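Undergrad: take a look and give me a structure for this.
(chains A, B and C)
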Amino acid sequence: MSNEPKINSGRYFEDFTVGEVIHHATPRTITAGDCSLYIALTGARNPLHCSEPFAQSLGLSHIPVDDLLTFHIAFGKTVPDISVNAVANLGYAEVQFHQPVFVGDTLTTHSEVIGLKQNSNGKSGIVWVRSTTANQNDAAVLSWVRWVMVHKRDHQAGVPTNVIPTLADFVAPAALSLTNGFLGHDEINQATGSDHYWEDYHVGERINHAAGMTINESDHSLATRLYQNNARLHFDAHMMQHSPTGQRLVYGGVVISACRALSYEGLENALRILAINAGTHANPSFAGDTIYTITEVLDRWTLADRADFGALRLRMVGIKNTPADEVQTIKTEQGYHENVVLDLDYTVAMPKRGS
Amino acid sequence: MSNEPKINSGRYFEDFTVGEVIHHATPRTITAGDCSLYIALTGARNPLHCSEPFAQSLGLSHIPVDDLLTFHIAFGKTVPDISVNAVANLGYAEVQFHQPVFVGDTLTTHSEVIGLKQNSNGKSGIVWVRSTTANQNDAAVLSWVRWVMVHKRDHQAGVPTNVIPTLADFVAPAALSLTNGFLGHDEINQATGSDHYWEDYHVGERINHAAGMTINESDHSLATRLYQNNARLHFDAHMMQHSPTGQRLVYGGVVISACRALSYEGLENALRILAINAGTHANPSFAGDTIYTITEVLDRWTLADRADFGALRLRMVGIKNTPADEVQTIKTEQGYHENVVLDLDYTVAMPKRGS
Amino acid sequence: MSNEPKINSGRYFEDFTVGEVIHHATPRTITAGDCSLYIALTGARNPLHCSEPFAQSLGLSHIPVDDLLTFHIAFGKTVPDISVNAVANLGYAEVQFHQPVFVGDTLTTHSEVIGLKQNSNGKSGIVWVRSTTANQNDAAVLSWVRWVMVHKRDHQAGVPTNVIPTLADFVAPAALSLTNGFLGHDEINQATGSDHYWEDYHVGERINHAAGMTINESDHSLATRLYQNNARLHFDAHMMQHSPTGQRLVYGGVVISACRALSYEGLENALRILAINAGTHANPSFAGDTIYTITEVLDRWTLADRADFGALRLRMVGIKNTPADEVQTIKTEQGYHENVVLDLDYTVAMPKRGS
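TA: I've put the predicted structure just below:
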């Protein structure tokens, strides 16, 4: 019974080789149904992703797919090959949104192994991969690096040479892709409902978003299945009752999307995500948790040749079961506040005043 | 921390002025995904909203969007500006469905303040607004009046002159819009499964719909997010555990849609909603409540120049946790039966026999 | 109150006549929203149903609708007329998928009564129906036989002559429809992620699929409503608390779809379901149950004139709250293992090696 040759049990640490390219299964054509579900799952209100006339007023042919929906669907494809035997997702870096995705586009993802480091205990190791998602025209729409701690199948297996990639602390402004043809105009505020533009945000500013959203068991199950992310710990309550948490874990991407939607009030004009610079899931989330969000402005950049849009580098902090204004200190030398579930460093495009 | 200039905390009573027009954010293009979700959330079986050949047999170019889906999406847009600081939604009137909405249409909503009356306690007041939803061609597809009780931010703020609008008890038959080109035929019963036509319903008749539907926490959360209604009391369990109800409230529109779907059996040929004349959410609903429905026939009208369709004015009563046939008296002088959650007066178009 | 002439209470045993054809209400146009919801509800990862280029590489014009989504939607239409007064769904046979269904197709279903047998207690009887679902071009896309035990309204009603149809044990290979134009190629494994082809499966082989999925209350409610299946025992918790199970039952089709999705790992190349030969819901499922799946290979057939695809006859066993590898014996002479919820005999098309 233990030998199931038809079941692909996934790669263990010793199965990864630096330079190897892994083509992930299940290409996915994005549909209007996926986009509606994303709104129903998150409550997202960014008009760029739900108004065809507004998207067209910005120079796009159609409504683009929400950046995070694209990310979660692309990410989900890598799970069976990369992280199904992972102990932990350790981090993200250099997440870049290269160009918009539209309904009807088909996304295919591959990953290159760019780093390996066995842990000193000999039982696991860290694997770095750079994943790239292309559309049906072979144009890259999204790429990212993540690193995961993966079990060894055989603790006696050989130890690979350490290869630790050098990763950027953040995606540099010059590398941000604000697609040609994406153009500002002076009626954006009518669609977003906000008159706060790029100039109005200041480095060091903190926004305590007021809204909270409780994640129901079915909400996160539906989302994670929509993304075709098959990591069992999100779905199998029977298995998880014997785990340290005793219950299913909410996929971290569900928390990212909840925070992004909750932070709409105060960031209404943050129309597009250009990059995710770093991300930490500081504590697990479970069904029943209510998520709140803090935004801190980390940096403010002009974009080359763009008078209409600037970029903001933001820190988005997700907190469970404590409103944002009740959390003074997100992190100390001792670590994160016990209710912090997400610490994400990302970069958005925001129209300039009078653009 | 308490001063968050980026967060729009919404209008308080003293922020409204009679005659003011408020343009609501987030225009929304309706997609096939929205319509599928509406079926999944309600169990609606009206073939007009799920069969392209049937819609075309009635003279429409395509399947029209369910009237209540249009209503909820339009209503949701008004929440951040009108009712985010509301104590209570007091009523609806003059809800008119002017013409069908189709997949691909983009809905934009504005509201005019048509009445104000400060409460005698000086702490809140009543605001009446008339909201209008237009499609991308600037044609009105839906309009309605609602009135809400809203807190004052500053109890010392000036008292406005009372303006109390005169509202119709019901939308008069002559004002009902049965779109030109919407034509009856004698095979409607094949799609709806019922041979009960306009002539078969009698004023005073009561129908105890047998079916019940339990509202799950995720059901109403998904629905309310799909409608982009961001009223926190539907989503934030942490906040609500300190409220009098101790838990999240189900958005009243979810109950309306549940009752409409549950009342299909007995009203199969009530193809379209033409108007909502009045509505009261008599008691709150919570996840876990099972909703049942009673219909009473209030009136029966012919429609000018229409031999194929007539109108029925109906009372749709939602009851929680008690089957319809166990409720004798919906309302007495002392008020509503404690299990009544909805009392809605609305008008439908129904084919005449042999149309 | 007890006499509600507008409510169709459904057929009882004495209302069925052999040879009668029943046309079911609510024709349904399948949309992209339905297909996205199906992925969100099941986690299905079969690329045939989510990649337009992959579907086209196999000779189809577009992504076909998942076979089981078609089945559930078609089945749901028969419930109000056939099984709303059923005591039990006793079985399925001769379920055949005649040709693919695409987004935009409209499905209409009718049933012919092909058998009747009153039970010896005189209170109920067994009804056999053959149901056929056609698309908008009147082409049959699906047909099946099921038999249900239905209450008599009047225990004194006359006893019909027994007519017990002869049903095939399984759909013969020659009757399987692998649509012309559905063509294999040698890059199928890139989309499915598996190199296990038809030749690699052996009669008697058992696959213990590792993944489990917990069914949440909202998951099965959404699914069953999406299918417009209005059987009350899936929705009405108030009514069901007085039933023997004390709670809502999960629609058996939800379990079938869960098992199909969970068995993807190990059957990645089982691209299409050609037939369901027999099916038993051995025990009920409830929200909170975690479903696991075992597959046994029952038979392996070549298909006439097809060098690219063969057929596998499979047994798909659903088990609740016990992983597949912990169940040794599915059924003994005493009956099913108490955790078995589904025993389904079905036939799939799988590409041959080097096709």
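
Undergrad: within range of chain C, give me the residues from the stretch 201-350 of chain A.
TA: Contact residues (CB under 8 Å from any CB of the partner chain) of the stretch 201-350 of chain A with chain C: A:216-218, A:221-226, A:228, A:230, A:232, A:235-239, A:248. For glycine as for every other residue, the C-beta is placed from the backbone atoms N, C-alpha and C.

Undergrad: residue ranges of the strands in the stretch 101-250 of chain A, please?
TA: Counting by DSSP state E, counting those that start in this stretch, one finds strands in the stretch 101-250 of chain A at the ranges A:106-118, A:124-134, A:140-151, A:206-214.

Undergrad: can you give me the angle the first one makes with strand A:140-151?
TA: With axes from the mean of the first three to the mean of the last three CA atoms, to 10 degrees applied, the angle from strand A:106-118 to strand A:140-151 works out at 40 degrees.

Undergrad: now do the contacts for residue A:71.
TA: A:95, A:97, A:142, A:144, A:253, A:276 (CB atoms under 8 Å, 6 or more residues apart in numbering or on different chains).

Undergrad: roughly how far apart are it and residue C:151?
TA: From residue A:71 across to residue C:151, the span is 53 Å (CB to CB, to the nearest Å).

Undergrad: picking that back up, out of the contacts of residue A:71, what pair is the most spread apart?
TA: Farthest apart among these by CB to CB are A:97 and A:253. That separation is 14.8 Å.

Undergrad: among the residues of the stretch 201-350 of chain A next to chain C, which ones are in helices?
TA: The helices, defined by DSSP state H, take in A:217-218, A:221-226, A:237-239 from these.

Undergrad: of those, which is the nearest to residue A:301?
TA: The shortest approach to residue A:301 among these belongs to residue A:223, at 31.5 Å (CB to CB).

Undergrad: can you tell me how far the closest one sits from chain B?
TA: 10 Å (CB to the nearest CB, to the nearest Å).

Undergrad: likewise for residue A:177?
TA: 25 Å.

Undergrad: got the contact list for that residue?
TA: Contacts for residue A:177 (CB under 8 Å, 6+ apart) come out as A:96-99, A:274.

Undergrad: likewise residue A:144?
TA: Residue A:144 neighbours (CB under 8 Å, 6+ apart): A:71, A:75, A:92-96, A:130-131, A:276.

Undergrad: ok, back up a step: same list, the ones in helices among the residues of the stretch 201-350 of chain A next to chain C, but as JSON lines with neighbour count please.
TA: Below are these laid out as JSON lines (neighbours: other CB atoms under 10 Å in any protein chain shown):
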{"residue": "A:217", "neighbour count": "24"}
{"residue": "A:218", "neighbour count": "26"}
{"residue": "A:221", "neighbour count": "28"}
{"residue": "A:222", "neighbour count": "26"}
{"residue": "A:223", "neighbour count": "26"}
{"residue": "A:224", "neighbour count": "26"}
{"residue": "A:225", "neighbour count": "25"}
{"residue": "A:226", "neighbour count": "23"}
{"residue": "A:237", "neighbour count": "21"}
{"residue": "A:238", "neighbour count": "20"}
{"residue": "A:239", "neighbour count": "18"}
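
Undergrad: surely residue A:127 touches residue A:78?
TA: No. Applying CB atoms under 8 Å as the test, residue A:127 and residue A:78 come out as separate, 11.3 Å apart.

Undergrad: between the two, who's got more neighbours?
TA: Taking other CB atoms under 10 Å in any protein chain shown, residue A:127 and residue A:78 do not tie; residue A:127 has more neighbours (27 against 22).

Undergrad: rewinding a little: would you format the strands of the stretch 101-250 of chain A as TSV with mean pLDDT and distance to residue C:13 included?
TA: Shown next, in TSV, are the strands of the stretch 101-250 of chain A (pLDDT from 0 to 100; distance: least, CB to CB, whole Å):
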stretch	mean pLDDT	distance to residue C:13
strand A:106-118	98	51
strand A:124-134	97	57
strand A:140-151	96	58
strand A:206-214	97	47
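
Undergrad: please produce JSON lines containing these, extended by distance to residue A:342.
TA: Shown next, in JSON lines, are these (distance: least, CB to CB, whole Å):
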{"stretch": "strand A:106-118", "distance to residue A:342": "23"}
{"stretch": "strand A:124-134", "distance to residue A:342": "20"}
{"stretch": "strand A:140-151", "distance to residue A:342": "15"}
{"stretch": "strand A:206-214", "distance to residue A:342": "13"}
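
Undergrad: got the residues of the stretch 1-150 of chain A near chain B?
TA: Counting by CB under 8 Å from any CB, the stretch 1-150 of chain A sits next to chain B at A:31-37, A:39-47, A:50-54, A:63.

Undergrad: re the thing from before, farthest-apart pair in the contacts of residue A:177, please.
TA: A:99 and A:274 (11.0 Å).

Undergrad: higher neighbour count, these two?
TA: Set residue A:99 next to residue A:274 and count neighbours by other CB under 10 Å: residue A:274 wins out with 24 against 17.

Undergrad: doesn't residue A:311 make contact with the more buried one?
TA: Yes. With contact defined as CB under 8 Å, residue A:274 counts as touching residue A:311 (6.2 Å).

Undergrad: what do the two both touch?
TA: A:176, A:347-349.

Undergrad: farthest-separated two in these?
TA: Maximum distance among those (CB to CB): 9.9 Å, for A:176 and A:348.

Undergrad: buried sites along the helix or strand bottoming out on mean pLDDT in chain A?
TA: One helix or strand of chain A scores below all others by mean pLDDT, DSSP states H and E: strand A:86-97, with a mean of 91. Judged by neighbour count (16 or more other CB atoms under 10 Å in any protein chain shown), strand A:86-97 contains these buried residues: A:86-87, A:89, A:91-97.

Undergrad: check stretch A:145-154 too.
TA: Under 16+ other CB under 10 Å, the buried positions of stretch A:145-154 are A:145-150, A:152.

Undergrad: likewise stretch A:318-325?
TA: For stretch A:318-325, the neighbour count (16+ other CB under 10 Å) marks A:318-324 as buried.

Undergrad: equivalent analysis for stretch A:342-355, please.
TA: Under 16+ other CB under 10 Å, the buried positions of stretch A:342-355 are A:342-352, A:355.

Undergrad: I'd like the mean pLDDT over the host helix or strand of residue A:343, please.
TA: Per DSSP states H and E, residue A:343 falls inside strand A:340-351. Mean pLDDT, strand A:340-351: 98.

Undergrad: direction included, what does that strand pair against?
TA: Using DSSP bridges, strand A:340-351 pairs in its sheet with strand A:272-280 (antiparallel), strand A:306-320 (antiparallel).

Undergrad: could you export those strands as TSV, including mean pLDDT and distance to residue C:13?
TA: Converted to TSV, those look like this (pLDDT from 0 to 100; distance: least, CB to CB, whole Å):
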stretch	mean pLDDT	distance to residue C:13
strand A:272-280	97	60
strand A:306-320	97	55
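
Undergrad: quick one: closest of those to residue C:202.
TA: That would be strand A:272-280 among the strands paired with strand A:340-351, by CB to CB, at 45.6 Å.

Undergrad: residues in contact with that closest one?
TA: A:48, A:67-68, A:71, A:91-97, A:144, A:168-171, A:175-178, A:182, A:256, A:260, A:311, A:313, A:342-349.

Undergrad: mind running it again at 6 Å?
TA: A:67, A:92-93, A:95-97, A:170-171, A:176, A:343-349 (CB atoms under 6 Å, 6 or more residues apart in numbering or on different chains).

Undergrad: same question, stretch A:188-197
TA: Contacts to stretch A:188-197, defined as CB under 6 Å, 6+ apart, come from residues A:47, A:54, A:268-269, A:351-353, B:6, B:25, B:27.
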